[in-house]
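Trainee: Sequence first, then the predicted structure, then my questions.
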Amino acid sequence: MIISIRSQASSEERSQLMALLCRISGSQRPITTIQIAGREVIALDLTQIDAQTQTALDQQTAVERIIITKTPYKLVSRTFQAENTSIVVGNSHDCAPVIVGGKSASPVIIAGPCAVENREQVLSTARAVAGAGAHILRGGAFKPRTSPYQFQGLGVEGLHLLAEARQVTGLPVITEVMEPEMVDVVVEHADILQIGSRNMQNFPLLRVVGQHSLKRPVMLKRGLAATIDEWLLAAEYVVAAGNPNVILCERGIRSYDPQTRNVLDLSCVPLLHELTHLPVIVDPSHATGRRELVPTMSRASIAAGAEGLIIEVHPDPNSALCDGKQSITPEQLQKIVRETRILANMMQEEADLTHVA
Ligand code: PEP
Ligand code: MN
């Protein structure tokens, strides 16, 4: 259930509503209101309430509207918000804003190295991906590696290099944050906070990126073996904590065939568009683990309706410190940008024609 509060409700009317909600939800957690899409709302897990409680709620003068959601996730559901969420990325003085989702026909391309390795590598890759037509630069400063002996990233130094790359190219930057304690410093340097697959259900981390006052957009990658409901509930954590700017990223799920690193679940894209208003992008690099598959799966992702792609690019993929096998060159990226743009335009033209007819 989502309760939308009247903007003119007095503090007395609000307190009355809160007291009633505390009573009927029996919740030990305080009831909090959040601002989303210009509305002040309260989301609660109250699906079945008796007639008496319903009447008591209906009589509350602070209530504007009650929306019943049948799904466990509420604020991210289409039932709550029919129109697509569009998210403004990188509204700072040294980069132009980029819109992810909403009505934009042009897919957003995020590209860059798996990991920030050194100044020369990140700056040259940033310039090259900007030249190839990418809109946002990616690069991991904190790397969640399977083995403790593998390159773990440059840490805060990597964040400084990403900020420098933004200044040089004008591209907003996305980077992963792995721990709640590091959110402040990552927010200071990055335009999008990436929550990696391994942290999709790191609930304290989700709460902190949700509560952060600057409401930096969060790109939430699908967990290694997460169901769609688990993924949407993880997104719900961020939104319910106060940050509505969540982008979902399909990056493949674990399966049994070692030929590809993961299995790219493209059916999740149109399905998510039914279930949620949040934008969906695809990461064909981690999904396949093989650079020769990245162009085809990029086109397939856009054809499936993804609002964007996140692709690993390295000037010399074979010497990359991380994920070289799935990294492509800037030249290959340029071709993907061209192809996906043509594809998206074609799909938009067709949609416009159908709309007119
Ligand atoms: C990455 O984007 O470099 C990464 C570690 O991705 P994932 O969390 O999807 O494995
Ligand atoms: Mn990677």
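Mentor: Arrived safely, thanks for sending. Ligands and ions are numbered 1, 2, ... in the order given.
Trainee: what's around the residue of the stretch 251-357 of the chain at minimum distance from ligand 2, how many residues?
Mentor: The minimum distance from the stretch 251-357 of the chain to ligand 2, using C-beta to the ion, falls at Asp323 (3.7 Å). Using the backbone N, CA and C atoms, a C-beta is placed for each residue, glycine as well. By the criterion of other C-beta atoms under 10 Å, Asp323 has 20 neighbours.
Trainee: List the beta-bridge partners for the residue nearest to Ser301 when sequence neighbours are not counted.
Mentor: Excluding the flanking residues, the one nearest Ser301 by C-beta to C-beta, 6 or more residues apart in numbering is Val282, at 3.7 Å. Val282 has these beta-bridge partners by DSSP bridges: Glu250, Leu309.
Trainee: Checking my notes, Gln121 in a strand, right?
Mentor: No - according to DSSP: H, G, I helix; E, B strand; the rest coil, Gln121 belongs to no strand; its state is helix.
Trainee: number of nearby residues for the residue of the stretch 1-150 of the chain found nearest ligand 2?
Mentor: With C-beta to the ion as the measure, Cys114 is the residue of the stretch 1-150 of the chain nearest to ligand 2, at 3.3 Å. Residues lying near Cys114 (other C-beta under 10 Å) number 24.
Trainee: Near Val218, how many other residues are there?
Mentor: Val218: 25 surrounding residues under other C-beta under 10 Å.
Trainee: Pull the contacting residues for it.
Mentor: Val218 makes contacts with 192-195, 209-210, 238, 243, 245-247, as judged by C-beta atoms under 8 Å, 6 or more residues apart in numbering.
Trainee: can you tell me which of these are up against ligand 2?
Mentor: With C-beta under 5 Å from the ion as the criterion, the contacts of Val218 include none near ligand 2.
Trainee: List just the nearest of these to ligand 2.
Mentor: Ligand 2 has its nearest neighbour among those in Gln194, at 10.6 Å by C-beta to the ion.
Trainee: wouldn't the residue nearest to Ser301 be in contact with Leu266 here?
Mentor: Yes - look at Val282 against Leu266 with C-beta atoms under 8 Å: they come within range, at 7.4 Å.
Trainee: So if I had to pick from these two, which one is more boxed in?
Mentor: Under the criterion of other C-beta under 10 Å, the comparison of Val282 against Leu266 puts Val282 first, with 31 against 20.
Trainee: buried sites along the helix ranked longest in the chain?
Mentor: The residue-count maximum for a helix in the chain (DSSP state H) belongs to helix 330-356. For helix 330-356, the neighbour count (16 or more other C-beta atoms under 10 Å) marks 330, 332-334, 336-337, 340-341, 343-344 as buried.
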